[in-house]
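1. Predicted structure and sequence below. I'll ask about it afterward.
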Amino acid sequence: VELVESGGGLVQTGDSLRLSCAASGRTLSPYALAWFRQAPGKRREFVAAVNRDGGRTSYADSVKGRFTISKDNAKRAMFLQMGGLTPEDTAVYYCAARASTDSIPIYITVADYAYWGQGTQVTVSA
């Protein structure tokens, strides 16, 4: 599945931003999904994940309470609503998908995901 992210940009500390991830020409219903991010010189890290049905979520401690992940199977898209942004949130954000026959599990490691988008840059100025 080909994933396409959008919604990144340059914002100021305290601002909000909404990232979107869509699958080109197909539904995301069979997939568990996640957002990861990678800052310059750092490893790609987990941000948030949602299970296949969209009813269960998990967040990295660094974003808990500020970010919200959601999956809209009707719109064939996944979203990451980000609030209270700080310069530490500056990174390239990637969406990832994993085909899942089980609706319950949430996957939170890079190795769990087979499909990745090209990334969208989020830059938060001080």
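-> Now that the structure is in, tell me what you want to look at.

2. Tell me the secondary structure of the spatially most central residue of the chain, please.
-> Note on the chain: the residue nearest the mean C-alpha position is Trp35, at 2.3 Å, using Cα atoms, centre = their mean. The assignment at Trp35 comes out as strand when based on DSSP: H, G, I helix; E, B strand; the rest coil.

3. quick one: what helix or strand has the spatially closest residue to it that is not a sequence neighbour in it?
-> Using Cβ to Cβ, 6 or more residues apart in numbering and skipping residues adjacent in sequence, the residue nearest Trp35 is Val47, 4.3 Å away. Where C-beta positions appear, they are placed from N, C-alpha and C, glycine not excepted. Under the criterion of DSSP states H and E, Val47 resides in strand 45-50.

4. neighbouring contacts of the helix or strand hosting Ser58?
-> Taking DSSP H and E as the definition, Ser58 sits inside strand 57-59. For strand 57-59, contacts defined as Cβ atoms under 8 Å, 6 or more residues apart in numbering pick out 47-51, 67-69, 106, 108.

5. make it 10 Å
-> Strand 57-59 has contacts (Cβ atoms under 10 Å, 6 or more residues apart in numbering) with 34-35, 46-51, 64-71, 106-108.

6. State the number of residues packed around Gly65.
-> Per other Cβ atoms under 10 Å, the neighbour tally for Gly65 reads 9.

7. To clarify, my last question referred to Gly25.
-> 8.

8. Can you give me every residue that contacts it?
-> When contacts are counted by Cβ under 10 Å, 6+ apart, Gly25 touches 1-2, 76.

9. Report the buried members of those.
-> The neighbour-count test (16 or more other Cβ atoms under 10 Å) marks 1, 76 as buried among the contacts of Gly25.

10. Could you list which of the contacts of Gly25 belong to helices?
-> Among these, DSSP state H puts none in helices.

11. Is it possible to get TSV of the contacts of Gly25 that adds distance to Ala97?
-> TSV is the format used below for these (distance: Cβ to Cβ, whole Å):
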residue	distance to Ala97
Val1	6
Glu2	10
Arg76	12
